[in-house]
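K.L.:
Sharing a model that was predicted from the sequence below.
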Amino acid sequence: MQIDDFQKYGKDAFENASKTFNAFTKTAQAVAAETADYSKKSLEGASSVTEKVLGAKSLDKAFEIQSDYLKSAYEGFVAYAARVGDLYQAAARDAVKPYETMFAAAKAK
């Protein structure tokens, strides 16, 4: 290898690292937005249920309200976790792509 090859390799490695960093930065921002949205909805739902439970005319009705809320809260959390998981999975794919190209080019030489 010549010096030019080393310089090109160093430049490519830096560009790939930058692309990987950008992918993770973009994912962190998306996860933060998802988390903020989920937290807001969760807090609003808990507040609404508390009001409904306190206004219930019977203990049975209060338990029914609470049970319905727990079911919807669970479903909401599962959906949130799936979205965040998808974001991390996409970030991992995006982070590896530049290196796949670099390794394929090195292997071809």
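P.N.:
Yep, it's here.
K.L.:
Please identify the helix or strand for residue 61.
P.N.:
helix 59-108 (DSSP states H and E).
K.L.:
Are there helices or strands packed against that helix, and which ones?
P.N.:
Judged by 3 or more C-beta pairs under 8 Å, 6 or more residues apart in numbering; DSSP states H and E, helix 59-108 is in contact with helix 3-54. (C-beta placed from N, C-alpha, C; glycine too.)
K.L.:
for the record, mean pLDDT for the helix it packs on?
P.N.:
Mean per-residue pLDDT for helix 3-54: 90.
K.L.:
Next, the angle helix 3-54 makes with the helix holding residue 61.
P.N.:
170 degrees (axes from the mean of the first three to the mean of the last three C-alpha atoms, to 10 degrees).
K.L.:
now helix 59-108: how far from the chain's centre is it?
P.N.:
Offset of helix 59-108 from its chain centre (C-alpha atoms, centre = their mean, to the nearest Å): 6 Å.
K.L.:
for the residue nearest the centre of the chain, what are its contacts?
P.N.:
Centroid-nearest residue in the chain: residue 84, 2.9 Å away (criterion: C-alpha atoms, centre = their mean). Residue 84 makes contact with 31, 34-35, according to C-beta atoms under 8 Å, 6 or more residues apart in numbering.
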